[in-house]
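In: Compute the structure for the input listed below.
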Amino acid sequence: MTYRCWIDDDAGKPEVEAWRSPPSDETDWVIARSTAEAVQITIARGVASFYEFDHDLGEDPESGETDTVMNFLSWLFQMFPNAIDEVKDWNTHSMNPNGADNINAFMRSWRRSRYLK
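Out: Below you'll find the predicted structure:
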């Protein structure tokens with residue numbers, strides 16, 4: 001079963017701008033608000049066909065460190081190095097321009113690396 005994954009710590013919160021959450025009329029979205037949630041979703045459902053990324057995911061309650069989607073992408077790459085083949089596309093909606101650039105550069109590089117073989 002394919003699904004789309006929206007990763008944003010503020011997704012679905014009523015007081016947050018609408019662009020920070022998946023469209024309410026589209027039912028195949030699964031929301032992850034942290035790296036830990038994105039990992040759990042991936043383990044349970046497999047790799048999403050589409051990712052919608054925010055960069056900054058708040059503070060990790062266990063470590064106290066800042067959580068970013070790059071933590072999830074590093075995990076995904078390490079655990080499933082061919083997962084990029086299943087990702088049809090992605091979008092980055094982060095207001096952090098350097099973070100957004102890092103996400104997009106990582107994803108493009110990962111995709112290109114699969115075709116170098």
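In: pLDDT weak spots in this structure?
Out: Across the chain, the ranges flagged by pLDDT under 70 are 1, 117.
In: What are the buried residues along the lengthiest helix in it?
Out: Using DSSP state H to define each element, the chain has its longest helix at helix 97-114. Residues of helix 97-114 classed as buried under the neighbour-count rule (16 or more other C-beta atoms under 10 Å) are G99, A100, N102, I103, F106, M107, W110. To be clear about C-beta, it is placed using only N, CA and C from the backbone, and glycine gets the same treatment.
In: And the strands in this protein?
Out: For the chain, strands defined by DSSP state E occupy the ranges 4-7, 29-32, 50-53, 56-59, 66-68, 89-92.
In: Pick the most buried one from these.
Out: Highest mean neighbour count among those (mean count of other C-beta atoms under 10 Å): strand 4-7, with a mean of 24.
In: That one - contacts with which helices or strands?
Out: Using 3 or more C-beta pairs under 8 Å, 6 or more residues apart in numbering; DSSP states H and E as the contact criterion, the neighbours of strand 4-7 among helices and strands are strand 29-32, helix 35-45, strand 50-53.
In: now the end-to-end length of stretch 24-44.
Out: Its first and final residues considered, stretch 24-44 spans 23 Å by C-alpha to C-alpha, to the nearest Å.
In: For the helices and strands packed on strand 4-7, give me a markdown table that also has distance to N82.
Out: Below are the helices and strands packed on strand 4-7 laid out as a markdown table (distance: least, C-beta to C-beta, whole Å):
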| stretch | distance to N82 |
| --- | --- |
| strand 29-32 | 21 |
| helix 35-45 | 14 |
| strand 50-53 | 16 |
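In: Done for today, thanks.
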